[in-house]
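J.: Give me coordinates for this.
(2 chains)
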Amino acid sequence: MKFGVVVFPGSNCDEDMVFVLEQTLDQKVEKLWHKDRDLKGCDFLVLPGGFSYGDYLRSGAIARFSPIMDEVIAHSKRGGYVLGVCNGFQVLCEANLVPGALLHNKQRKFICKNTHILPQSNLAIISSGLEVDRALKIPIAHGEGNFYADSDTLKMMNDNDQIIFRYCDEEGHITEASNPNGSIENIAGVCNAQGNVFGMMPHPERAADFDLSNTDGREIFESILAGITV
Amino acid sequence: MNTTAAQNLATLEQAQEMGLRPEEFDQIASILGRTPNFTEMCVYSVMWSEHCSYKNSIKWLKTLPKDGPHMLVKAGEENAGIVDIGGGLGCAFKIESHNHPSAIEPYQGAATGVGGINRDIFTMGARPIAQLNSLRFGKLENPRTQWLLNGVVKGIGDYGNAFGIPVVGGEVFFDESYQVNPLVNAMSAGILNVDEIISAKAKGPGNPVYIVGSSTGKDGIQGASFASKDITDDSANDLPSVQVGDPFQEKLLLEASLELAKTNAIVGMQDMGAAGITCSTSEMSAGGGVGMDINLDLVPLRQADMRPFEILLSESQERMLVVVKKGEEEVVERIFDKWDLNAAKIGVVTEGGTLRYFMNGECVSEIPAESLVLGGGAPVYEREYAEPQYFRDLQNFKISDVPEPKDLVVVARQLISTPNIASKRWVWEQYDSMVGTANMNTNRPSDAAVVNIKGTNKAIALTVDCNARYVNNDPEKGTAIAVAEAARNIVCSGGEPSAITNCLNFGNPYNPEVYWQFVGAIKGMSAACLKFNTPVTGGNVSFYNQTTKEDGSSSPVFPTPTIGMLGVLKDKSTHTTLDFKYKGDLIFLLGESKDDINSSEYLASIHGIRLSPAPHFDIEEEFRLQQCIKDLIQNNYLNAAHDISDGGLYTCLVEMGLVSGLGFDIVSDSEVRKDAFLFGESQSRVIVTVTEDYEEEFLDMVGEHNVPVTLLGHVTKGKLVVDGEHFGFIEDIRPLYENAIGNVMSK
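T.: Residues are numbered from 1 along each chain as shown, chains lettered A, B, ... in the order given. Down below sits the predicted model:
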């Protein structure tokens, strides 16, 4: 079992992801350079947060065309696991690997703060191992995290168990006040129909180190590790 | 020098237009032994500007203490100071202003300020891990202030968020003196291995000189000179003086530079900030006692038809000058190619100390490098200073002139929602404060920002502090308080103060009353830095911060010597937080309540009195208090510690309660007026909470340190009570405190 963390120019959460996987979860990790086409035998690919290629056009719009993304897409079509966090989620949407799109936050401002999310899906290993009624405290940091999908797509996603996380309050109530960015149906994370590609705006890697006094994010990684059969 | 360049001689009139004084123009001619040509005059005009030469401040800056047992690189030696934090690691940190650009174009002005300070850090081989900022604006209700605040915060956020270094702390202060001229001070701290420090000195004649990073354009030409004059209504005409930032390029430059730092290929490196190629080539040459031949034709340009002086003075961002070891060129070129950045060889190090710039086969400028720089030939002036009338007048203030309000419950609610006291959440939620996964304050807030040094048992503590109202009302005492408060914040967080960087924001230095403020500030800073053993590692001076009124008259901003302090937690488990932990915990005041409302936010915003003496401060009392707190924390007696600062004791308690939704029940001091007890800002006071089990040990230890201590009361489930009077519930106060600024900004 080996993780591969893709490094785009402008990625800035790549090191944080590597740190959590390697240091706190004791996993093997390779960094995958955007210009390369070699997945180095990685089983589980991660697209980290950041501002790939500066995100000057639209978040994730350029990264989607980088050489490594051809390989990431091929990997996912073979049923391989891919997780996109924040900018990585935006890249997954741009590459049509997960449904929906990420619009500017309702407030038209970048927001960085702790939020709570509630696990929703049994389909995806990223949430299938989590308690369904316990809210996890996971921070967000984005300007374009307002998830949108049209009503048909939403219905399909709901019917197919593709919503993996929804924003909620500390007690796990999914309310308008707990929605930090205007996301439709409080959606914080989704997966594809096959359940092997996951995207989420909150940063689990920012809540996984004991030194930071919040390890709710660890549970998400542990759910992944428990669900993987390689 | 060829004939064309030599014939294009500069005139005194041109020189004055570029900000040089007649005697300076004469001095240039005497250094060169001839009249400078236009390009040379331009080079001198930026290098001898206040911004680059510190000509009106250096005499006094030299009196600041800069020695300390753990200084690796001292003030003035390199781009930033470096402090030994143990275990083979050093911390490079520095604060800088970007006031004038931000006054004209708040978004780009603030963004490029962030870019510039971070480049200072990673040029030395340190990876930035934390940023802070200190911002001052005019009155919040003024629409222009809101425009500036919006732009500055978005500029800092967009740049820093993309660059990927967290903002872990800062301050925002509103006062009418900053109405036209806001202050934007940005600080960055980075970590490096002490054996991998990169110098900013050029050495070794024959070594190639590279420009790396972005291409050079016409933006920011003469920004340094622009920063050296008063801001007026016409300043918008100086818009080309404001640079444009590209955080994506900066991120690439960071990664490429740090990759380069790991190789053996470089001799020295300096970022291009003010005065661009001119400043970096002259400072690197003068630093190493060498010269350079630079071919401006080889500089990658982003627009055609740039003239020599434009290329030399351009302040295009995200560029560095690198002196490479001869024969290692390929290493540099390979790394910069990997990151898709320019790396162009533009010249060579020469013997003899002369800087020569060539273009189109002509030598366009030939100048001794040493003559351009601070510490070399740049002018040094002594300025007159005089005690202002306002300072004599405010000595007459007496607390008895101020009637005590009848209903302090109402006053408390007003005070907690004034912009200077209320939460700055609206500001800092727009900054990524968590990238890098090292900010230990996210879930455990403390007075100073505590940042984890991963892979070690250590953390660093960082804070920026300056109450400019105190400094205005007593420059010497007010600045000593700023240093003391910074140290207090670090101590209350469980750290040991280590060193400071400063950003000295003042009005026009040719005004003797402004210069009097400057001199007082330096004296106060020196005294406090000596007492707390925190040497000054560097920083910058920003003069000419003036607010021009409608009638054309101009008045200086509050003198604002912002102190950025670094502290070290040798053992990160000593990190102490400010929030109430448990209902029933005892609340103690360390330090003494005084009948003192001097210079308080309460006096300014509730009673409208800005001029009064600085609050009570005794440096020996302060020192004893801090030693005591360190001891208490080492012995694990404290459940929480929070220093009393702006807004006084009441604000301090509310801030401690809001984090976990707890309240307090306290009694006041009958010797002291109740408004002074609740809202006064007398210094050297800290609120701590202690569990009943440790009360005795706690009191014994405080006694040993000879620090006054008072049991105020206890932590409640949410009710706020003073002398039996109900001051509301903490959840009623929360929206007043949390939403005050957001409510104004979202109107």
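
J.: What about residue A:174, how many residues nearby?
T.: Residue neighbour count, defined by other CB atoms under 10 Å in any protein chain shown, stands at 17 for residue A:174. All C-beta spots, glycine's among them, are computed from the backbone N, C-alpha and C.

J.: distance of the residue in the stretch 201-350 of chain B that chain A sits nearest to from residue A:127?
T.: Scanning the stretch 201-350 of chain B for the residue nearest chain A gives residue B:248, at 3.1 Å (criterion: CB to the nearest CB). In this view, residue B:248 and residue A:127 are 33 Å apart by CB to CB, to the nearest Å.

J.: which stretches of chain A form helices?
T.: Listed in chain order, the helices found in chain A under DSSP state H are A:14-19, A:67-77, A:87-94, A:125-128, A:151-159, A:216-227.

J.: Flag every residue of chain A that's near chain B.
T.: For chain A, the residues in contact with chain B (CB under 8 Å from any CB of the partner chain) are A:9-10, A:12-13, A:15-16, A:19-20, A:23, A:49-51, A:53-56, A:109-114, A:139, A:141, A:143, A:203, A:205-206, A:208-209, A:211-214.

J.: ok so, going back, quick check: pLDDT value at the residue of the stretch 201-350 of chain B closest to chain A.
T.: Here, the pLDDT recorded for residue B:248 equals 92.

J.: thinking it is in contact with residue B:164, fair?
T.: No - contact between residue B:248 and residue B:164 fails when scored by CB atoms under 8 Å: they sit 10.4 Å apart.

J.: More neighbours: which of these two?
T.: Here residue B:248 and residue B:164 are set side by side on neighbour count (other CB under 10 Å), and the busier one is residue B:164, at 24 against 21.

J.: count of neighbours near the closest residue to the more buried one other than its chain neighbours?
T.: The shortest distance from residue B:164 to any residue other than its chain neighbours is 2.7 Å, reached at residue A:12 (CB to CB, 6 or more residues apart in numbering or on different chains). Using other CB under 10 Å as the criterion, residue A:12 is surrounded by 27 other residues.

J.: I'd assumed residue A:55 was in contact with residue A:12.
T.: No - with contact defined as CB under 8 Å, residue A:12 and residue A:55 do not form a contacting pair (11.1 Å).

J.: Find the residues that touch each one of the two.
T.: residue B:162 (CB atoms under 8 Å, 6 or more residues apart in numbering or on different chains).

J.: And what about residue B:63, helix, strand or coil?
T.: The three-state label given to residue B:63 by DSSP: H, G, I helix; E, B strand; the rest coil is coil.

J.: Return the residues in contact with the residue nearest to residue B:164.
T.: By CB under 8 Å, 6+ apart, the residues touching residue A:12 are A:48, A:49, A:50, A:51, B:162, B:163, B:164, B:251, B:435.

J.: and the gap between the most centrally placed residue in chain B and residue A:153?
T.: In chain B, the C-alpha nearest the mean C-alpha coordinate belongs to residue B:95, at 3.5 Å (CA atoms, centre = their mean). Noted for residue B:95: a distance of 49 Å to residue A:153, by CB to CB.

J.: again with residue B:299
T.: Counting by CB to CB - residue B:299 and residue A:153 are separated by 51 Å.

J.: Equivalent analysis for residue B:320, please.
T.: According to CB to CB, residue B:320 and residue A:153 sit 47 Å apart.

J.: do the same with residue B:120
T.: Residue B:120 sits at a distance of 48 Å from residue A:153 (criterion: CB to CB).

J.: Between those two, tell me which one has more neighbours.
T.: When neighbours are counted by other CB under 10 Å, residue B:120 and residue A:153 differ, and residue B:120 comes out ahead with 26 against 14.

J.: which other helices and strands contact the helix or strand containing the more buried one?
T.: Secondary-structure element containing residue B:120, defined by DSSP states H and E: helix B:106-122. Other elements packing on helix B:106-122 under the criterion 3 or more CB pairs under 8 Å, 6 or more residues apart in numbering or on different chains; DSSP states H and E are strand B:89-97, helix B:99-104, strand B:127-137, helix B:143-163, strand B:183-193, helix B:247-261, strand B:266-271.
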